[in-house]
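Asks: Quick one, fold the following:
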Amino acid sequence: MNILEVKNLTKIYEGKVPYKALDSVEFSIQKGEFVGIMGPSGSGKTTLLNMVSTIDSPNSGEVIINKKNPHRLSRKDISLFRRRDLGFVFQYFNLLDTLTVEENILLPLTLDKINVKEMNKRVEIVTQKLGIHTILKKRTYEISGGQMQRTAIARAIIHSPQLILADEPTGNLDSKASKDVMQLLQQLNEQENATMMMVTHDTVAASYCNRVIFIKDGKFYNEIYSDGNQKIFHQKIINLLSTLEGES
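Replies: Below is the predicted model:
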């Protein structure tokens, strides 16, 4: 079953010289897939993420998430959709300094007025899984970058979203914390059947995915699948990127 279908997606930014950021992009992501999106700077990766996350709207084409087109919803319904069906993991964590780790994680459930008993149960399960149950009462400025990203991941999955969207999730972390975070995302994908789409320029991070889609000049360029051997997949990613950037 497809959780995400991107159909003939085009985005043009108007200006003195109109700029076509996406040009008829098509692909789908099945339930339980972990898909990376890669491409050179300016290839349209971020624009694509903004369309899928409903932050921006396409000029033409469709984004279907769990059989719904969120771009056709009213403003009120679109924010509900974003909160309930999507989970977000950002490069800069986007945590609130005024809240504790626990309060940050519980934010989606608080907004949905879930009862306290259910909240406590979910926070216990998720934070044990992510190894952050001992820092729940700390503020975000008291914890490390790796712990911040784990907190952000906990917040992204606490409401069991249909699709998790990650934007350069290792971009602000050192190599050890990056590896930890990517292993965590891979674990969530394998054990919880979480469906994920991750935009990254980091070839090591991309090698944790089941499949990587490459885009160039706003167009779908190519895709490669992992056969389970991460080292070989990593090399394939590097080879394809160098071909792609060589052509640029």
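Asks: Please spell out which residues along stretch 96-105 are buried.
Replies: 100-105 (16 or more other CB atoms under 10 Å). (Each C-beta comes from the backbone N, C-alpha and C, glycine too.)
Asks: and stretch 42-55, C-alpha only, in CSV?
Replies: C-alpha atoms of stretch 42-55 as CSV (Å, rounded to 0.1, in the frame of the first residue of the first chain):
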residue,chain,number,x,y,z
GLY,A,42,19.5,23.7,-6.0
SER,A,43,18.2,20.4,-7.4
GLY,A,44,14.7,20.8,-5.8
LYS,A,45,15.1,18.6,-2.7
THR,A,46,13.8,21.2,-0.2
THR,A,47,11.0,22.3,-2.5
LEU,A,48,9.9,18.7,-2.8
LEU,A,49,9.9,18.3,1.0
ASN,A,50,8.0,21.5,1.4
MET,A,51,5.3,20.2,-1.1
VAL,A,52,5.0,16.9,0.7
SER,A,53,4.9,18.5,4.1
THR,A,54,2.2,20.9,3.0
ILE,A,55,4.3,23.9,3.9
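Asks: ok, and what's touching it?
Replies: 4, 6, 9, 11, 21-23, 25, 37-39, 56-58, 63, 65, 70-71, 78, 81-82, 86, 88, 163, 165, 167, 197, 199, 215-219 (CB atoms under 8 Å, 6 or more residues apart in numbering).
Asks: pLDDT on stretch 1-19, on average?
Replies: Averaged over stretch 1-19, pLDDT sits at 93.
Asks: Distance from that stretch to the middle of the chain?
Replies: 18 Å (CA atoms, centre = their mean, to the nearest Å).
Asks: Likewise for stretch 148-159?
Replies: With CA atoms, centre = their mean, you get 12 Å for stretch 148-159.
Asks: please renumber so the chain begins at 21
Replies: OK, 21 is where the count begins now, so the last one is stretch 168-179.
Asks: Residues in contact with it: which ones?
Replies: Contacts of stretch 168-179 (CB under 8 Å, 6+ apart): 103-104, 107-110, 113-115, 121, 124-129, 132, 142-143, 146-147, 150-152, 160, 163, 184, 189-190, 192-193, 197, 200-201, 204-205, 208, 212, 214.
Asks: could you redo the last one with a cut-off of 7 Å?
Replies: 104, 107-110, 113-115, 121, 124-125, 127-129, 142-143, 146-147, 150-152, 160, 184, 189, 193, 197, 201, 204, 208, 214 (CB atoms under 7 Å, 6 or more residues apart in numbering).
Asks: what do you get for stretch 113-126?
Replies: Counting by CB under 7 Å, 6+ apart, 139, 143, 146-147, 152, 155-161, 163, 168-169, 171-172, 174-175, 178 sit against stretch 113-126.
Asks: I'd like to know which of the contacts of stretch 168-179 are buried.
Replies: Applying 16+ other CB under 10 Å to the contacts of stretch 168-179 flags 107-110, 113, 115, 121, 124-125, 127-129, 142-143, 146-147, 150, 152, 160, 184, 189, 193, 197, 201, 204, 208, 214 as buried.
Asks: nearest residue to residue 158 other than its sequence neighbours?
Replies: Spatial nearest neighbour of residue 158, chain neighbours left out: residue 121 (5.5 Å); criterion: CB to CB, 6 or more residues apart in numbering.
Asks: does residue 265 count as helix, strand or coil?
Replies: helix (DSSP: H, G, I helix; E, B strand; the rest coil).
Asks: close enough to count as contact, it and residue 60?
Replies: Yes. Using CB atoms under 7 Å, residue 265 is in contact with residue 60, at 5.5 Å.
Asks: of the two, who's got more company?
Replies: More neighbours surround residue 60 than the other of residue 265 and residue 60, with 18 against 13 (other CB atoms under 10 Å).
Asks: hmm, back to that, out of the buried ones among the contacts of stretch 168-179, which are inside helices?
Replies: 121, 124-125, 127-129, 142-143, 146-147, 150, 197, 201, 204, 208 (DSSP state H).
Asks: okay, among those residues, which ones form the most distant pair?
Replies: Greatest spacing in these, by CB to CB: 129 and 197 (26.2 Å).
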